[in-house]
Every structure is written in structure tokens, then in C-alpha cells.
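Novice: This is the structure alone, sequence omitted:
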């Protein structure tokens, strides 16, 4: 627990409790996931120029990112924090607007990555 901070007139105030979604750990993890996602998207623009090893490494990085994302979403889902529940609902609505849910989105990503991996494995170089 954090120490009380000075309030009006120099009196000590109890620390403000941050919600789950504002916790340092959650904020850092989502920022990290978002940065890695952006980096992979940018790197993917040159995917066709990768050799076999580069393609397989790229695919593995996506798989690792997806695993982190799934774990992060599960943590949010399991939280009883109102903002966390709202975040999950927003994600579900956004996916529904694309004709998906979280499960079908992850299945689609896994399937796409598996096809890419199979293709890369067949590549002679």
C-alpha cells in the first residue's frame, strides 16, 4: 500500500486506488502488445522478401504475440473491475461488427499463421 499523500492544509490523504485497467502492469502490457503488433504489421509489409528462416521467425513472433494477447484478455475478463468489463464488451461489439467473436478471431489468426507456416516450410529458400 502506498503512503498517504499530503492533502489540503498539509493533512495526509489516503492514496487513490487505481482500477484494474489503470494499474501500471496492465497499462505496460497493453502498450507493449500494441507496439509489438504495430511493429509486426510494419515488418509484414516486406514479408515476401524474407527467406524461409525469416518467414518462420516472423510467424513465431505473431504466435507469441497472440498468446500474450489471449492471456491479457483473459486477465481483463476475469477482473471484476467495471472498466475491465466495459473493455471486454467493447472488444466483443467491435468483433461482432466484423461478424466474429474472440474465439473465431483467434481461430482465424491461428489458421492463417498455420497456412503461412506451411507455405514457408515448403519454400526452397
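Specialist: Okay, I see it. Computed from a predicted model, the values in this text were never measured in an experiment.

Novice: average model confidence for the longest helix seen in the chain?
Specialist: When the chain is scanned for its longest helix (criterion: DSSP state H), the result is helix 52-78. For helix 52-78, mean pLDDT is 97.

Novice: what does stretch 24-35 give?
Specialist: Mean per-residue pLDDT for stretch 24-35: 95.

Novice: Just the buried positions in that stretch, please.
Specialist: Buried residues in stretch 24-35, defined by neighbour count with 16 or more other Cβ atoms under 10 Å: 26, 29, 33. For every residue, glycine as well, the C-beta is placed using N, CA and C.

Novice: Now do the host helix or strand of the second one: which elements does it pack against?
Specialist: The one in question is residue 29. Using DSSP states H and E, residue 29 sits in helix 24-44. Secondary-structure packing of helix 24-44 (3 or more Cβ pairs under 8 Å, 6 or more residues apart in numbering; DSSP states H and E): helix 52-78.
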